[in-house]
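In: quick one, fold the following:
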Amino acid sequence: MSESPVTHATFAIERVYPAPPARVFAAWASADEKARWIGCHPDWRTVESSMDFRVGGREISRNQTPGGEIHAVETWYHDIVPGERIIYSYQMSVGDTRISVSLVTIELHAAEGGTRLVFTEQGAFLDADADSTQREGGTGTGLDRLGEMLEAELAAV
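Out: Purely as a prediction, here's the structure:
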């Protein structure tokens, strides 16, 4: 019997944004744009960031908490259909401890007044992060920040 439990969880989050699918897709595809909205902890400092947004590409993000702890995310892109879909897997670590491995599907659908985004994560949550509730909340915060960015762009026009 393993002493390292794994909790499997799937969650889906939907948002409607006041921008066309191509614009919402661009916010995911550009490292500069993604950096404007992706974080759910504004007091964390980015210590490493790289993005190769293409099928087979990799993205790395390492952030430091105010207490000095490093949280790392390593992403691999598996499927990209511009303006429609992004599928990637990622692992998240705190220090030297991997806390989860997930598969994410982002679907973009034209909707009245903009885009309906469906974010689905299927995760294996390990030991220290055995509950997906925090991940779902943090993801929701990031998606809300994306909406705020898109709404601000619309208001500026």
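In: which strand is the longest one in this structure?
Out: Secondary structure of the chain per DSSP state E: the longest strand is strand 97-111.
In: all strands of the chain, in order?
Out: 6-17, 45-51, 58-64, 70-81, 85-94, 97-111, 114-126.
In: residues contacting the residue nearest to residue 18 when sequence neighbours are not counted?
Out: Setting aside the residues directly before and after it, residue 18 is nearest to residue 114 in space (C-beta to C-beta, 6 or more residues apart in numbering), at 4.5 Å. For the C-beta atoms, the positions are set from N, CA and C on the backbone; glycine is no exception. The contact partners of residue 114, taken as C-beta atoms under 8 Å, 6 or more residues apart in numbering, are 16-20, 24, 150.
In: a markdown table for those, including pLDDT, distance to residue 124 and neighbour count?
Out: Listed next are the contacts of residue 114 as a markdown table, based on pLDDT from 0 to 100; distance: C-beta to C-beta, whole Å; neighbours: other C-beta atoms under 10 Å:
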| residue | pLDDT | distance to residue 124 | neighbour count |
| --- | --- | --- | --- |
| 16 | 97 | 30 | 13 |
| 17 | 97 | 29 | 23 |
| 18 | 96 | 35 | 16 |
| 19 | 97 | 33 | 20 |
| 20 | 97 | 34 | 16 |
| 24 | 98 | 28 | 23 |
| 150 | 96 | 31 | 20 |
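In: would you mark the buried spots in the helix ranked longest in the chain?
Out: Longest helix of the chain, by residue count under DSSP state H: helix 133-156. By neighbour count on 16 or more other C-beta atoms under 10 Å, the buried set for helix 133-156 is 135-136, 139, 141-143, 145-147, 149-150.
In: looking at those, which gets the smallest pLDDT?
Out: Checking pLDDT across the buried residues of helix 133-156, the minimum falls on residue 135 at 89.
In: show me what contacts the closest residue to residue 44 other than its chain neighbours?
Out: In space, residue 44 comes closest to residue 63 once its chain neighbours are excluded; the distance is 4.4 Å by C-beta to C-beta, 6+ apart. Going by C-beta under 8 Å, 6+ apart, residue 63 touches 39, 41, 44-47, 70-72.
In: what do you get for residue 88?
Out: Contacts for residue 88 were tallied using C-beta under 8 Å, 6+ apart; they are 59, 75-78, 103-104.
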